[in-house]
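Pasting the sequence and the predicted coordinates here, then a few questions.
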Amino acid sequence: MNIGEILRQDGKRLQDVLGLDEREAGIEVRCLLQAVLNVSRAYLMTYPERILSGDESSRYSGYIERRLKGEPIAYILREREFFGHVFRVTPATLIPRPDTELLVELALQRIDEANVRRVLDMGTGSGAISISIALARPELEVVALDASEAALDVAIENARRLGAFNVRFLKSDWFSELNDERFELIVSNPPYVEAHDAHLKDLRFEPESALVSGMDGLDDIRRISAEALSHLNPGAWLMLEHGFDQAQSVRDLLRRSGLEEVSSVRDLSGMERVSMGRLTRADPFCNNT
Ligand code: GLN
């Protein structure tokens, strides 16, 4: 088959099998073809008559069959763009979502407003958040932790490939290995999906440990907000991504743990997606944490 036939035929198959719309299906077939042929989008448009060689054809078929079984395109191509950088991703890490760029933007705002020197990213996965922050503000010291060794391997490789030399990676189950280190900003996109959420079947290729967090999806956010106080300097912020319907619960947890100036911010689709709170300045008369 030639390029033009593949674009038409497999675009249609992706629409029928996965329920994608015409535009999404077209983009996906194009990306798979570009990866196999190592060519630009313009090339595909210019040479629709070009026939794939036997080798190209079998690689392409492998890709499209995996996609038709529902595997996310980011795992097939082993990469995903986030905040303007191309991150390597494997099934050991969650695929970075565009929603999470909001967390990075808010973090950068806080970094510029407050006197932030050290930032902690908890559950860094592929390193999308920590590395994006580190690259945008090279003078910062960023610590990125994850409980998964396999995820840390991916994050370390991403930091090296993208030239983020101001991130230190640490294997740690939330705060367990941090001793008494403190930060001016802690960010996290923790697991927050409810154990029986119907939407999990669409996420079946991604690591459950990065997605699910107890019956109400808040187990990890409860742990992080309860323990964060001992790792925040006076004036520091804790900033968390969460599910579209969890903002009220997360604000309550942040307040209960002693943080103030608690608020939530909506993502591009109008959902409250990130909540944050601040440890106010130290009271001079008692131990604040
Ligand atoms: N935003 C992801 C989803 O629902 C979940 C990410 C997470 O649990 N941190 O697709």
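That came through, no problem.

May I have the phi/psi pair for the residue in the stretch 1-150 of the chain that the ligand sits nearest to?
Residue nearest to the ligand within the stretch 1-150 of the chain: R97 (5.2 Å; Cβ to the nearest ligand atom). C-beta here means a position set from N, CA and C on the backbone, and glycine is covered the same way. With angles defined as degrees, to the nearest 10, R97 sits at phi -100, psi 150.

Numbering from 43 from now on, please.
Sounds good: first residue 43 from here, last item R139.

Could you list the residues of the stretch 93-242 of the chain in contact with the ligand?
Residues of the stretch 93-242 of the chain found near the ligand (Cβ under 6 Å from any ligand atom) are R139, D141, N231, P233, Y234, V235.

remind me which residues of the stretch 193-331 of the chain are low pLDDT?
323-331 (pLDDT under 70).

what sits against G319?
Shown in contact with G319 (Cβ atoms under 8 Å, 6 or more residues apart in numbering): S267, W279, L280, R293, L296, R297, S299, L301, E302, E303, V304, S305.

quick revisit: switch the residues of the stretch 93-242 of the chain next to the ligand over to JSON lines, and while doing so, append neighbour count to every line.
Formatted as JSON lines, these follow (neighbours: other Cβ atoms under 10 Å):
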{"residue": "R139", "neighbour count": "16"}
{"residue": "D141", "neighbour count": "16"}
{"residue": "N231", "neighbour count": "26"}
{"residue": "P233", "neighbour count": "20"}
{"residue": "Y234", "neighbour count": "23"}
{"residue": "V235", "neighbour count": "17"}
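
Just put the residues you listed in TSV and tack on secondary structure.
Converted to TSV, those look like this (DSSP: H, G, I helix; E, B strand; the rest coil):
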residue	secondary structure
R139	coil
D141	helix
N231	coil
P233	coil
Y234	coil
V235	strand
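
who does the strand ranked longest in the chain pair up with?
Longest strand in the chain, counting residues (DSSP state E): strand 274-283. Counting by DSSP bridges, the strands paired with strand 274-283 are strand 225-230 (parallel), strand 314-320 (antiparallel).

how many other residues sit next to the spatially closest residue to M318 that is not a sequence neighbour?
Closest residue to M318 apart from its sequence neighbours, by Cβ to Cβ, 6 or more residues apart in numbering: M281 at 4.1 Å. A total of 21 residues lie near M281 under the criterion other Cβ atoms under 10 Å.

ok, what's across the strand from M281?
V229, M318.

Contacts only, for it.
M281 neighbours (Cβ under 8 Å, 6+ apart): L145, L148, A149, R152, L227, I228, V229, S230, V316, S317, M318.

Most neighbours among those residues, please name it.
Top of those by neighbour count (other Cβ under 10 Å): V229, with 29 neighbours.

what separates it from S172, distance-wise?
8 Å (Cβ to Cβ, to the nearest Å).

cool, and A156?
A156 is 18 Å from S172, by Cβ to Cβ.

Show the subsequent helix or strand relative to the helix or strand hosting V78.
Using DSSP states H and E, V78 falls within helix 64-79. Toward the C-terminus, helix 64-79 is succeeded by helix 83-88 as the next helix or strand (DSSP H and E).

Could you identify the helix or strand that succeeds the host helix or strand of V196?
V196 belongs to helix 191-204 when assigned by DSSP H and E. With elements assigned by DSSP H and E, the helix or strand that comes after helix 191-204 is strand 209-213.
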